[in-house]
Structures are given as C-alpha cells and as structure tokens.
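Asker: Next input, structure requested:
(chains A, B and C)
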Amino acid sequence: MKLSNIEFGFDNFLAEMKKLKTEKHFDYLVTIVGEDFGPEEGLGCIYILENTQTHERISVKQLAKQLGDEYVIPSIYHVWASSDLLEREVYDFLGIKFLGHPDMRRLFMRNDFEGWPLRKDFDMSPEKNQFPMTDEPESDWTSEWNLTKDGELVETKHRLFDDDDFVINFGPNHPSTHGVLRLQTVVDGETIKHIYPHLGYIHRGMEKMMESMTYPQTLAFTDRLNYLCAMHHRHALVSVIEEAMGVELSERIQYIRTIMDELQRIDNHLLFLGTCAQDLSALTAFLYCMRDREHLLNVMEETTGGRLIQNYYRIGGLQDDIDPNFVQNTKAFCNYMRPMVQEYLDVFGDNVITHKRLEGVGYMNLEDCVNYGVTGPAGRAAGWHNDVRKNHPYAVYDKVDWKEITGTGADSMERYMIHIKEIYQSLDIIMQLIDNIPEGEFYIKQKPIIKVPEGQWYTSVEGGAGEFGVYLDSRGDKSPYRLKMRPMGLTFAGAFDKMLRGQKVADLIATGASIDFVIPDLDR
Amino acid sequence: MSESYFGGIKDAVKTLATGLKVTMKEYFTPKSTEQYPENRKTTLHVSPRHRGRLVFSRVESLDDPQAVKRGLKVGDYKCTACTLCEKACPNGTIKIVSHMETDEETGRKAKVLDDYIYDLGDCMFCELCVNACNFGAIHFTNDFENAVFDRSKLVLHLDKEVYEGGSLPNLIDGGAPLTIGEFNTKTK
Amino acid sequence: MFDFQIVTTWFDNLLRQTLGLGDFWSILIECVMVGLIILTIYALIAMFMIFFERKVCAWFQCRLGPMRVGPWGVFQVLADVLKMLIKEIFGVDRSDKFLYALAPCLTIVASVGTFSFLPWNKGAQVLDFNVGVFMITAISSIGVLGVILSGWGSNNKYSVVSAMRGAVQMISYEMSLGLCMVIAVVLCGTMQLSGIVEAQTGPWKWLIIQGHIPAIVAFCIFLIAGNAEANRGPFDLAEAESELTAGYHTEYSGMGFGYFYLAEYLNLVVISGLAAAIFLGGWAPLNIGVDGFDAVMNYIPGFVWFIGKTLAVIWVLMWVRWTFPRLRIDHILILEWKYLMPLTLITLVVMTACVSLGLTF
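Answerer: You can find the predicted model right below:
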C-alpha cells in the first residue's frame, strides 16, 4: 500500500498514539521504520499500525526532536509491547533516543560500535569501519532517557542482573537456537526468571547495503534472510517495487507465484516440524521430515534451479517459465505428501511425551500476541486472525477457496498443530491451482534500468513464520532511498520473556522449537 | 490434567506404541541416502537449471541469429564486452578487460574482448548477469563439482577456456532421471 | 552344555601344578589375565556397539548410516577411535582440576565394575558374589558420582544443571531398578547371579515365563529404569544435547570424552545383559521339554545365547531411543515416583504372593 502518513506533532504524539490503540482498535503495531529523511526533516520514524477488527492499515510519521546532538521521540513502549525491540533497533541504527524506554541499549551492533549506520552522513570508509579484534564489552547496566521539565535530557540507569542471579547464555552457539541467537537467561534452579535476547550475530546490514544497490540487485539479498522462506521474502520485495512502478502482471505469473509460495510454505513447515522434533530430541521424526522435504526441493529445483536460494521471482515476473514436468511433479509430490503428515503425527505429534512437553508451554494469549506482534502460525494458535493472505490478499489468494486456520490453545502444542494443518491447507491450495495455470507471459519486460517513482510503500506477504513486510521509500532513483524489512522473527524474540517467565529451561527449548524463528531473518 | 490416572496410562501406552509401530515400519522401508560420490556417474540427478557456474555460450550453428548478424564462426563466443553484466553484478564477480579496435573494412570502431574474468569464489548465483546480457553470451550450467584447493583457481577466464560439459557425463541434461517420491540409493 | 569352568580349572592347574607356583603368584597371574581379557572385551564391545547403534539408528531413520570407510562402513568406528585417541586433551580454565580428571575415571570404573558381573557362559563369570545383586547396584551407583563430579568440576553452567539433573534422575531410577532385581530374587531365592541363571535352566524356566505376569511387568520396568539409569534417550536429560549442548561432558575432549562415550555404550550393554541374565535366562538355552529340540538348543554354546539375548534387548532399547522425544525433568520424576515405583511395589507383592502360593511355573 502507498503510505499517506498522519502526523501528530511531538507533544501530542504519545497521547494520540494511545488513542489510536484504545479508541480505534489499532492494536497491532506492524513495524517501526526509522529513517533519515534528509537534511530538511532530519531523523524520524514511521509507525505502521493495523486495526485488528477491520484490518485497515495506517501509518504515522513522527520526526525526532533535536536537542543539541541528540534526537528524541517519546517511546510507545508502554502502549505496544512489541515496540521494545523495534525502538531499540531504531536507536541502534539511527541514534534516536526513545524517551521513557527502560532499556535503551544497542540491539544489532556491538556495544562499542561508533556512529549510527543508517544516518545518511554515516562514514562508510573502510578505515573507520575496521573489523574489531577485541571482545565485546558487556555491561550489567542499561539506560533510560527522559526529558526534564526544562527540556533537558537525563539518563536513569537500570541494573539488568542482581548479584545472586544465575545467568545462562543460550547461544550464540547453541544447538537449539536455529542460528546465532543469544538468549541471556536468568534462572533460579531450572526456572526461568528473565530472558534478555541479544541479536546481531549474523547482522549483515542488508538494509544499508540495499541503499547503494539497484533495484534488481537488492533482490539477491532476500533469499538470504529466512532461508526457508526465500520465495516469500522475494515476493514481498518484488511486490512493493512492482506496486510502486505500477507493473501489471499476467495471470500466469500470479498463479505460479502463488503455487511457489505455497510450496515454499510446505518446505518451511516441514523443516519446522522436523526441528521442533529435533529440539525435543526426536531425531527420527526430524529425518522423516527432511526426507520428504527433499522431494519438495527436487520439485522446486527443477523449475527454479535452487534449493535454498531459489532466486526465482524478479521485477516484472519470473526468472524462467515453469519446467515442462512441473505440473506433473507437483501433483506427484502432493499425492506423496498427504499421507506422510500423518506419519509425523504418529511418530511425534500425537506422542504423549510431546503433548506433555508442549502443552501449556510458552503460553501466550490473544491479547498478548497482538500486543507483542506475534504473527503467523504462533499468533493464529492464539486465535488471532492475522493471515496476510486473507486480510490483504495478494497474488491469486482471493481466487482460491481456503480458510484461515486458527486455534485456541495458544500454547506450543497448538502452534505445532497449526503448522500441521497449514501443510494440508497448502496442499489444497496447490491442488486447486496446479491444473489451471493460464497461458501467458512469464515475464513482463522491464526497462534495463529500473527506476521507482517517488513515494513510500509498504507491502507484506504471509511468510512461513509470520508477516514479512517491506517498506520502500523511493526518491525516484535507481536505488531505494530507504528500504526496511519487517522480519518475521524479531517480535518473537521480544516475546520470549513474556512467554517463558516462570517456566523451565527445557521449556525455553520447547517454545523456541514451536515458534518458527530463523536468525538470519531476525538479524538481516 | 483432568484425565484419570489409569486412562492416562492407557492413552500414553497407545500413543507410544503407535510411534514404535511407525519406526518399525520405516526400519524395513527403502532408505533415502543417495550415495554421492559413488553414484556421480550413474544414478545422480542434478536439475538442468541448477546454477553451478557461469560459462560462455558458444555459437553452435551458423543459423544462430548472433552468428548471422555479426559473422561469427562455430565455436566463437558471443560476448561483445559491453560490460552490462559487470555492472549488473551485485558483488563485483565479473571483470571485463577490452580495448577498442577499428575494423579495417568498415572503418567502424568496436570493442574487442581481451579477458573475461569471472571469480567463481565471489559469485552468489543470482543470475542478474544473464538477465542483463542482450546477446545471450553467458549462461549458468549445473556443473557443480567446482571444489579446488586454491582460491586463485576459482578465478576463471571464460573467453579462454574450452568448456566441454563439466566433469560428469550427461550432467548438463540432468543426469539420471528423477522420480518425485523416490530415492535412488544405488550406486549403479 | 559346555562349561567354561573346564578352561579356568585347566589354567589354574597349569599354573599351580605344571609350573608349581604358589597361591600368591598363581592368583596374581590369573587376576591380571582376567583383567586384561575383560578390558579387551570391554573395548571391543564398545566399538561394536557404536557401529551397531549407528546402523540401527540410521535404519530407523531411513538412512544408510556410515558407508564410506570399508564395506558398509565397518571401519568407521576404528577411524573414530583413532581420532579420539590422538585428539588434544585440554584443561578448562578455573575448573576443579582434580575432580575434572577424576570424574571420567569413576564413570569408567563403575561401568567396568558392573560389566564384570555379566554371566557370559556357564562358569564364565568374573565376579560372582553371593550378594551379587546388591553389589551390582552398589557399583553402578559410582557412575552417578562421575556425572556429578564432571558437571561440578568443569566450571560450566550447562554442566552443573546437567549434573543436578543426572543425579536426581539416577537416584530415582535406581529404586525401581533395584526393586525389579529384588522381584527376580524372590522368584529364584538367591542373590547370586550365577544362581539366578542356574534357576532358569530347564524347560520353560526363563524367569519371564516362570514368573509370568509379574515377571513380564518387572522386565518392562527394568528396561525403562535401566534405560534411565544408562542415561539414554528418551531419558538422556543429563546429556540433553539440544538444551545443554552436551551436558556434563561438554568440557571434555579426547579420551576424557571417550571414557564417557565408552561408559554410555557399555552401560547399555550392562543393562541389557542384566535384563537378559535375570529375566531371559542368561546363557540358558531355550528348552521346551521336547528332548530332540532341547538337545539341539543345548548344543548351541551358552555365550551365543547370552550375546544373542543381550543384542535383542539392546536393539529394543535402541528402537525406543530412536522413536521418542526427550522427557522433561519433572516428567521423569513423575514417571518414576507416581507410576513406576507404585507399580514395582505392587508387582513385588504379587510376585511374593505367587511364589508363596506356588503359582509359578
């Protein structure tokens, strides 16, 4: 959607935002985009909000107030819980201090990193950005910033740990964090008291890199986010560019994209079911999933040429037409896959041990899910109707007969079952489409140099683990002025503390397993 | 849990037995391990569209439109050193060295390719170079056995090499046939 | 039935009469010989077990398992052992050096100790006390010390959590394990392992048949508790590689880790061996009371019977391990104290009643 931003002004901002949530049901904070709007406007943020009843989306723009060298914006930490990590991200990249946020630390960059990388005046020279050879300094203290009545910025220190706290670092290298996530966990015996997520161990600065690349080049990165949702990521980025340019796609492209998205979803869910089992040490169930995923990857590879890095969508269509055997292979796969799902349930999902391990673990109710922005299957397990395919249909999802799957359990077991049901659902969607792929162009020819008209857009797709969105600010150039991705997993990391307080260490693993997060996607 | 003590036991035993039954069944079903490298010349299938490395497309017959237009011979490369691929590449994998030469007959100036340097070690297989090329001069093959002991050996000079279809027979066409839902675990 | 005592008596006579050695020298030589043989067998069995487990696990998981080193990968384990032997052994900063070094030794001592009790054949048993069953439980408890000390000594938070888990779990399950053995003792009337096996010779005399329902229940409980005692999935909480990386042996490398690894597999053999000896008749052949059949069965040497039965039990335990997910620590304790323990006690009472009323075969 093209954004038309509402502005409230610095003094009214917090009150108006609260009103939006309490009176107008804009409960779901989709994302916060921090941006350097240029020398005239300075730094600021764009808040994208969704009304959970009508699924209407609005965007609010708030410029930061400059106090000397510092930039400040009132924090919405106490309005939307998901803003905790999102505001820290903005602080990390742009140096905007959020007033009243109790934990204003860097999120992705090292604590001793100097400068604010997403500001346009950031010095990118290699001499200034040497690879650090020292250990990252760690502090037990964090800061909160506030304005006094006289308009002065004051710092309040908070302590993160007590003297007696027993702190276990889960990660950055840990078998069950699905990458390099670090969860600093304060435990009392085996009971969790608090979790501080530390991110950025695989932060590659994609958003910064994309600012100096042409639009086709930016696409190459998306497959390298959540490597199980390569198609979804690229679909979001391609759609936002196509929407901004006003490209009309042929039916064939839309059909193939939908099928590919669903195949990718099955791929993602299969790996989810597998790793979920593996994290609970049922290695056999993991390998059954991997075995069947292999067939799926074979189907996709015949057409896309890739297994993880699919590289298939491009601006204006697809990289290549579908393989001559694609229809036949996909049908063969769907027929093969359907009975296999029951096998996963037999060997793992229905197992009494699994039920005991997952039921009531990592519980998060509907209200908290919305508040923490826990989208995707995890949110749907709590009964939140958050499926982007339904709420904001794209490709041909509005032409297919399918129902959004939601649950009521709100715990890890329900999340597992949602994934199982979504595999069946994806198979159904594919079977509806596969025989009806219309003839037509697979690629709408674009100009050699792609330029996007001025404006701001945000488009999201339903990734395997949640909503994946891309915000694009174009100033009419051949490369984006600011491109921000809403990762699927970031909000999950922020929700861990809420989900797991008072539960066992083993439950941390079980919840991590049932929440489908992949670290390259969080870190970007 | 509201279920009864003994009902719980019964349920538990039943679900556990189901699990055991499944693994027992799988114990005797055909396995899924494909035995690379033993199967590399026999039962290995690699998708023809798999992106293994970049190669120059050579003129195969004189009917080729490029050959007709530019008077190329069979076996000539089609690259014109226009550097579009070099510019399209996100991470500088391709370097083109060329010089200007005047055609003595027509008097027209044209770029002549001296060296087409492709660093396989840097390539991220995004296919943007292929998309950018207007002459169909480059394409990806599924020749995937590219491991070497020295990084410098990954720097390829595409115009100078004579590419003969990779290290495996029939690989370019995909090798052994593929059946979805089955694995060929044999080596012969 | 071949009696291994012939060999031992011959060797004893060789030392004492042919060579004319005194008590001290002949016993010393015999002890050293036996020790060497036991350790060799121990190592060989461990290597076999690693290969066996890899293949069985692979087959359950639709894989082929190791295939590269030697035909069907049979030399894979040799390569692994070689690797483990030549690996650097490093110490951990600020660890308790003494306990850190002691722990693997304790584990291996406990494991070799219980291993020596296994009745391989008639007359082929290294340790055979008249309180054998107690002795086994006593020695196997040393293994818990190994887990606790390694966890405590290696200055690693995961290891400490793992050590506590291991201790809690092993102490709990030792109850059931011991009681199951007591059930067998009730039936056989002896605590000597050779006596227990001897009581199972003859047609339909295996304990699991002799003691019918209570014995079968006891056998199942013994396998569950034994699996937990051997720290194997689904009870591998102490190791819990997806939670605690490798638990108590996270900080060990080379042969330090090798000892734990060996002990883990040998504990499996010991548990299966004991289950085979106590409930499945050990080296006692399958006799059904028909002379011709019995004669053929008796012709098969005892150690073949014993190894065959042990392997069958091991295979079942592997089947279980590679099917189920891991339990959580509180579930493990609930399983033991709320389900297994009462069941064992009831079985014990039933068994005693059966024996005193003569309701056994």
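Asker: Okay, and the closest residue to C:Thr245 other than its chain neighbours sits in which element?
Answerer: Nearest residue to C:Thr245, sequence neighbours excluded (C-beta to C-beta, 6 or more residues apart in numbering or on different chains): C:Tyr158, at 5.6 Å. In this view, the C-beta of every residue, glycine as well, is placed from N, C-alpha and C. Per DSSP states H and E, C:Tyr158 falls inside helix C:157-188.
Asker: re earlier: so who does the residue nearest to C:Thr245 touch?
Answerer: A:Ile168, C:Leu244, C:Thr245, C:Ala246, C:Gly247, C:Thr250 (C-beta atoms under 8 Å, 6 or more residues apart in numbering or on different chains).
Asker: burial count for C:Pro104?
Answerer: Other residues near C:Pro104 come to 23 when the count uses other C-beta atoms under 10 Å in any protein chain shown.
Asker: Run a quick check on it versus C:Leu262, I expect a contact.
Answerer: No. When contacts are counted by C-beta atoms under 8 Å, C:Pro104 is not listed as touching C:Leu262 (9.3 Å).
Asker: The contacts of C:Tyr158 in helices, which ones?
Answerer: C:Leu244 (DSSP state H).
Asker: most neighbours, which of the contacts of C:Tyr158?
Answerer: Within the contacts of C:Tyr158, most neighbours by other C-beta under 10 Å means C:Leu244, with 30 neighbours.
Asker: B:Ser98 should be in a helix, yeah?
Answerer: No. Counting by DSSP: H, G, I helix; E, B strand; the rest coil, B:Ser98 falls outside a helix, being strand.
Asker: in the stretch 201-350 of chain A, which spans are helices?
Answerer: Listed in chain order, the helices of the stretch 201-350 of chain A (DSSP state H, counting those that start in this stretch) span residues A:206-210, A:215-222, A:230-245, A:251-279, A:283-304, A:326-344.
Asker: can you list the residues of chain A near chain C?
Answerer: Contacts of chain A with chain C, taken as C-beta under 8 Å from any C-beta of the partner chain, map to A:166-168, A:174-176, A:190, A:277-285, A:287-288, A:291, A:347-348, A:351, A:353-354, A:356-357, A:504-509.
Asker: and stretch C:90-107, average pLDDT?
Answerer: The average of the pLDDT scores along stretch C:90-107 is 83.
Asker: check whether that stretch contacts chain A.
Answerer: No. Taking C-beta under 8 Å from any C-beta as the criterion, stretch C:90-107 and chain A are apart, separated by no less than 14.7 Å.
Asker: Could you pull out the buried residues of that stretch?
Answerer: Within stretch C:90-107, the residues scored as buried using 16 or more other C-beta atoms under 10 Å in any protein chain shown are C:Val92, C:Ser95, C:Leu99, C:Tyr100, C:Ala101, C:Leu102, C:Ala103, C:Pro104, C:Leu106, C:Thr107.
Asker: Let's have the residues you listed in JSON lines, adding secondary structure.
Answerer: Listed next are these as JSON lines, based on three-state DSSP:
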{"residue": "C:Val92", "secondary structure": "coil"}
{"residue": "C:Ser95", "secondary structure": "coil"}
{"residue": "C:Leu99", "secondary structure": "helix"}
{"residue": "C:Tyr100", "secondary structure": "helix"}
{"residue": "C:Ala101", "secondary structure": "helix"}
{"residue": "C:Leu102", "secondary structure": "helix"}
{"residue": "C:Ala103", "secondary structure": "helix"}
{"residue": "C:Pro104", "secondary structure": "helix"}
{"residue": "C:Leu106", "secondary structure": "helix"}
{"residue": "C:Thr107", "secondary structure": "helix"}
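Asker: Report the contact partners of residue 186.
Answerer: Just so you know, I chose chain A. A:Val186 touches A:Phe161, A:Asp165, A:Phe166, A:Val167, A:Ile192, A:Lys193, A:His194, A:Ile195, counting by C-beta under 8 Å, 6+ apart.
Asker: please go with chain C instead
Answerer: Remark: with contacts taken as C-beta under 8 Å, 6+ apart, C:Val186 is in contact with C:Leu348, C:Met351, C:Thr352, C:Val355.
Asker: how does it look with 6 Å?
Answerer: Contact partners of C:Val186, counting by C-beta atoms under 6 Å, 6 or more residues apart in numbering or on different chains, are C:Met351, C:Thr352, C:Val355.
Asker: What about those residues, which are in helices?
Answerer: Going by DSSP H, the helices hold C:Met351, C:Thr352, C:Val355 from those.
Asker: Give me the buried entries from the residues you listed.
Answerer: The neighbour count (16+ other C-beta under 10 Å) marks C:Met351, C:Val355 as buried among these.
Asker: For my notes, please list the ones in helices among the contacts of C:Val186 in TSV and give pLDDT and distance to C:Ala184 for each entry.
Answerer: Shown next, in TSV, are these (pLDDT from 0 to 100; distance: C-beta to C-beta, whole Å):
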residue	pLDDT	distance to C:Ala184
C:Met351	85	9
C:Thr352	86	12
C:Val355	81	11
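Asker: quick one: which of the ones in helices among the contacts of C:Val186 is nearest to B:Gln35?
Answerer: Of all the ones in helices among the contacts of C:Val186, C:Met351 has the smallest distance to B:Gln35: 51.8 Å, by C-beta to C-beta.
Asker: And the pLDDT for the nearest residue to the closest one once chain neighbours are set aside?
Answerer: Distances taken as C-beta to C-beta, 6+ apart put C:Pro214 closest to C:Met351, at 4.2 Å, once the chain neighbours are dropped. At C:Pro214, the predicted lDDT confidence score is 81.
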